[in-house]
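S.K.: next comes the sequence, and after it the predicted model I'd like to discuss.
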Amino acid sequence: PARGELILQLNAVTKRFGGLVANNAISFEVRAGEVLALIGPNGAGKSTLFNCISAVSPPSSGSIRFLGKPVERCDSRKVARMGMSRTFQHVRLLPRMSVLDNVALGAHLRGRHSFVASAWRLDRAQEQRILATARDALERCGLCEKAHLPAGSLPLGQQRVVEIARALAADPSLLLLDEPAAGLRYLEKRELGILLGRLRKEGLAILLVEHDLDFVMELADRVVVMDFGEKIAEGLPQEIRRHPAVIEAYLGG
Ligand code: ADP
Ligand code: MG
């Protein structure tokens, strides 16, 4: 997609769990070449919204358009094949598998052949293509030297980057990152910020949930603030810092 092109469009997305309204009529857009940060206190409904967007769990009402197509009734594999990749709040790598094989799992998402066929080497050409895609993704993330180490042996900061590489291996136009900087040390956060800035420059649209406000303010082009399932503010980072409702709900403590 060209820079500035509309990638993701939420219109009045609502998600209920019984009587609890976890997301109430949330609307916003994400464009190519932009980092949009979703912030808000624990329980605000950020992960729930990610699950709606990535079709892990459909919204109760409202519409979600990805690349112009409605996806709110699609299943998550279909949405992933359309070019939406995500990471989860907690690291989900296979710790004893190599970094390269973990990333290759992401490349399989877009392949026509089944994972089982490739895993059993029924199609060597396909397997070689997938490994090449995985190596490219690792190179984009600066992790080539770690390709053959068990993923679980890496420090947390690098494990999170491996997850991003796995997401990139599916050749997405939208990346959804749920708290990618959580638990990282200062330098790891800085490196993650540089990586995400580079991906944005390549034209990716990035939607991320993040608690570290300094990280958000430095990286994000726009910020959406949620509290108790509601979108309470949206704007440029410098606007959000000064927003009274934000200061009260999120920065006040
Ligand atoms: P955040 O990611 O902003 O911390 P969540 O989206 O995880 O918030 O949670 C929002 C609210 O929805 C919380 O009150 C949480 O308990 C509730 N919730 C999340 N998932 C479920 C579920 N599967 N069933 C019932 N309630 C849920
Ligand atoms: Mg969450």
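M.R.: On my side now, so go ahead. Ligands and ions are numbered 1, 2, ... in the order given.

S.K.: residues contacting residue 75?
M.R.: Applying C-beta atoms under 8 Å, 6 or more residues apart in numbering, we find residue 75 in contact with residue 55. For glycine as for every other residue, the C-beta is placed from the backbone atoms N, C-alpha and C.

S.K.: likewise for residue 56?
M.R.: Applying C-beta under 8 Å, 6+ apart to residue 56 gives the contacts 50, 76.

S.K.: pull up the gap between it and residue 164, please.
M.R.: The gap separating residue 56 from residue 164 is 18 Å, by C-beta to C-beta, to the nearest Å.

S.K.: again with residue 103
M.R.: Taken as C-beta to C-beta, the span from residue 103 to residue 164 is 10 Å.

S.K.: out of the two, which sits in the busier spot?
M.R.: Between residue 103 and residue 164, counted using other C-beta atoms under 10 Å, the more crowded position is residue 103 (32 against 25).

S.K.: helix or strand for the residue nearest to that one when sequence neighbours are not counted, which one?
M.R.: Spatial nearest neighbour of residue 103, chain neighbours left out: residue 134 (4.1 Å); criterion: C-beta to C-beta, 6 or more residues apart in numbering. Using DSSP states H and E, residue 134 sits within helix 124-140.

S.K.: next helix or strand past that helix?
M.R.: Following helix 124-140 toward the C-terminus (DSSP H and E): helix 156-168.

S.K.: quick one: mean pLDDT for that next one?
M.R.: The average pLDDT for helix 156-168 rounds to 95.

S.K.: how about residues contacting that helix?
M.R.: For helix 156-168, contacts defined as C-beta under 8 Å, 6+ apart pick out 85-87, 91-93, 99, 102-103, 105-106, 134, 137-138, 140-143, 146, 151-152, 154, 175, 177, 180-181, 183-185, 188-189, 191-192, 195, 199.

S.K.: flag every buried residue along it.
M.R.: By neighbour count on 16 or more other C-beta atoms under 10 Å, the buried set for helix 156-168 is 157, 158, 159, 160, 161, 162, 163, 164, 165, 166, 167, 168.

S.K.: and those residues as TSV, adding distance to residue 236?
M.R.: TSV is the format used below for these (distance: C-beta to C-beta, whole Å):
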residue	distance to residue 236
157	28
158	31
159	32
160	26
161	27
162	32
163	28
164	25
165	30
166	31
167	26
168	27
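
S.K.: and the residue nearest to residue 133 when sequence neighbours are not counted, which helix or strand is it part of?
M.R.: Once flanking residues are discounted, residue 133 sits nearest to residue 107: 4.1 Å by C-beta to C-beta, 6+ apart. Residue 107 belongs to helix 99-108 when assigned by DSSP H and E.

S.K.: quick one, that helix and helix 156-168 angle?
M.R.: 30 degrees (axes from the mean of the first three to the mean of the last three C-alpha atoms, to 10 degrees).

S.K.: list the residues that contact the closest residue to residue 21 other than its chain neighbours.
M.R.: Of all residues not flanking residue 21 in the chain, residue 229 sits nearest, at 5.0 Å (C-beta to C-beta, 6+ apart). Contacts here follow C-beta under 8 Å, 6+ apart; on that basis residue 229 touches 21, 22, 23, 24, 44, 45.

S.K.: switch to 6 Å and redo it
M.R.: Each residue near residue 229 by C-beta atoms under 6 Å, 6 or more residues apart in numbering is listed here: 21, 22, 23, 24, 45.

S.K.: show the backbone phi and psi for it.
M.R.: Residue 229 adopts backbone torsions of phi 80, psi -10, taken as degrees, to the nearest 10.

S.K.: separation between it and ligand 2?
M.R.: According to C-beta to the ion, to the nearest Å, residue 229 stands 13 Å off from ligand 2.

S.K.: what of residue 201?
M.R.: Per C-beta to the ion, residue 201 is found 27 Å from ligand 2.
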